[in-house]
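Visitor: Sequence first, predicted coordinates after that:
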Amino acid sequence: MTNDAPPGPITVDEIRRVPKVLLHDHLDGGLRPATVVELADETGYRDLPSTDAHALSTWLRGGAHSGSLVRYLETFSHTVGVMQTQEAIRRVARECAEDLAADGVVYAEVRFAPELHVERGLSLDAVVEAVLDGFRAGAAGTPLRIRALLTAMRHQARSLEIAELAVRWRDAGVVGFDIAGAEAGNPPTRHLDAFQYIQRANGHYTIHAGEAFGLPSIWEAVQWCNADRLGHGVRIVDDITVDPDGKAILGDLANYVRDVRVPLEMCPTSNVHTGAAPSIERHPIALLRRLHFRVTVNTDNRLMSDVSLSSEFATLVDVHGYDWSDIRWLTLNAMKSAFLPFDERLDLINDVIKPGYAPYVREELAR
Ligand SMILES: O=c1[nH]cnc2c1ncn2[C@H]1C[C@H](O)[C@@H](CO)O1
Ligand SMILES: [Zn+2]
């Protein structure tokens, strides 16, 4: 319910000005196109499909909008290709923080796979160090608080090593662990030892699941691996049927995910590009939000999908009629689901997010 809001439709500029929270964003999926070109030149990376920033971004976006996760992932070889020195990684991380701050993001968890950045001899620790340095420099003097998640590639066998790395850097800006990459054929239980290691260390992890593969992947992530959150999780709708008069009937897994409030890191535009959802109009986010799953809205890959967090919200406003109350609800969901300590989450909710939406949504009427 919107009230006290300025008259007229909600614009992307207005959305940019309210505080937002981003839980699912890949560092190597969010470079500025000009930076890719400049870093290729500086680091001697010769395989770019174009050295013109505009043509390159068109090429990357064309490849990403393929309807297939595997094809989508192929575009990352070029961004990862230019992120093989500490200097380059530091710059990408700094610009990432600057771009998120300029978009009005007040809290972000940005993920990357350290094992992809060691082609020229960097150690895993040196990669993490460079990212955290860059984040600090980019967020300095802005309201943005930015943390890192370490991702292990699910088709590789380094997840335990990456989990150990995440625990080693936990007090310096790394707040969690993740697995990503081609989902089909690489189920979460392949990495059970890594998840259990994090759990024994009282850490947190999210798992990409229910994107390119369906309910068995979500079931494994939740019931075998104990995921704190699900990356995407869109295919949970396969466990929900809606009868002709609109009543939803949930299966056991969907009920469980909703009952224990497993956060869903939804990335609407990316899901259309990888074929996980047929269109924004028919994206499961509408049903899942209506059924009060713990839905959050995210960007996934700002470069490949040509989005920002503000533009994702604006798309939901345009296509699904979301109002300020929806945007606030989704933002609070994200903040509650962050891997930040409870007292810091509470402070951000009470001191930053609620006041930021106060001109648009009256607290007692918020849904
Ligand atoms: O949406 C995704 N699903 C699975 N893997 C992904 C997605 N977006 C990016 N990745 C992969 C490619 C990157 O190189 C890696 C680490 O950020 O994570
Ligand atoms: Zn992702």
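Guide: Nice, I can see it. Ligands and ions are numbered 1, 2, ... in the order given.
Visitor: Pull the contacting residues for L100.
Guide: L22, D25, A108, V110, L144, I146, L309 (C-beta atoms under 8 Å, 6 or more residues apart in numbering). (Each C-beta comes from the backbone N, C-alpha and C, glycine too.)
Visitor: Could you tell me which of the residues you listed belong to helices?
Guide: With helices taken from DSSP state H, the overlap with the contacts of L100 comprises L309.
Visitor: With pLDDT and neighbour count added, can I get the contacts of L100 in a markdown table?
Guide: As requested, those are exported to a markdown table (pLDDT from 0 to 100; neighbours: other C-beta atoms under 10 Å):
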| residue | pLDDT | neighbour count |
| --- | --- | --- |
| L22 | 99 | 27 |
| D25 | 99 | 25 |
| A108 | 99 | 28 |
| V110 | 99 | 25 |
| L144 | 98 | 22 |
| I146 | 98 | 26 |
| L309 | 98 | 24 |
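Visitor: closest to A93 among the contacts of L100?
Guide: The nearest member of the contacts of L100 to A93, counting by C-beta to C-beta, is V110 at 7.9 Å.
Visitor: Just to check, that closest one is in contact with H24?
Guide: No: the criterion here is C-beta atoms under 8 Å, and V110 misses it with H24 at 9.1 Å.
Visitor: which residues do these two both contact?
Guide: In contact with both V110 and H24: no residue, using C-beta under 8 Å, 6+ apart.
Visitor: what about the residue of the stretch 151-300 of the chain found nearest ligand 1, how many residues close to it?
Guide: Nearest to ligand 1, among the residues of the stretch 151-300 of the chain, is A180, at 3.5 Å (C-beta to the nearest ligand atom). By the measure other C-beta atoms under 10 Å, the count of residues near A180 is 24.
Visitor: where does F177 land in three-state SS?
Guide: strand (DSSP: H, G, I helix; E, B strand; the rest coil).
Visitor: hang on, I meant G231
Guide: Per three-state DSSP, G231 ends up strand.
Visitor: quick revisit: would you turn the contacts of L100 into JSON lines with distance to ligand 1?
Guide: Formatted as JSON lines, the contacts of L100 follow (distance: C-beta to the nearest ligand atom, whole Å):
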{"residue": "L22", "distance to ligand 1": "14"}
{"residue": "D25", "distance to ligand 1": "9"}
{"residue": "A108", "distance to ligand 1": "14"}
{"residue": "V110", "distance to ligand 1": "9"}
{"residue": "L144", "distance to ligand 1": "20"}
{"residue": "I146", "distance to ligand 1": "15"}
{"residue": "L309", "distance to ligand 1": "16"}
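Visitor: Now do stretch 318-330: distance from first to last residue.
Guide: 16 Å (C-alpha to C-alpha, to the nearest Å).
Visitor: Same question for stretch 44-52.
Guide: 16 Å.
Visitor: ok, and for it, which residues are buried?
Guide: The neighbour-count check on stretch 44-52 (16 or more other C-beta atoms under 10 Å) flags Y45, L48, S50 as buried.
Visitor: Can you tell me which of those is closest to ligand 1?
Guide: Looking across the buried residues of stretch 44-52 and measuring by C-beta to the nearest ligand atom, the closest to ligand 1 is Y45, at 15.3 Å.
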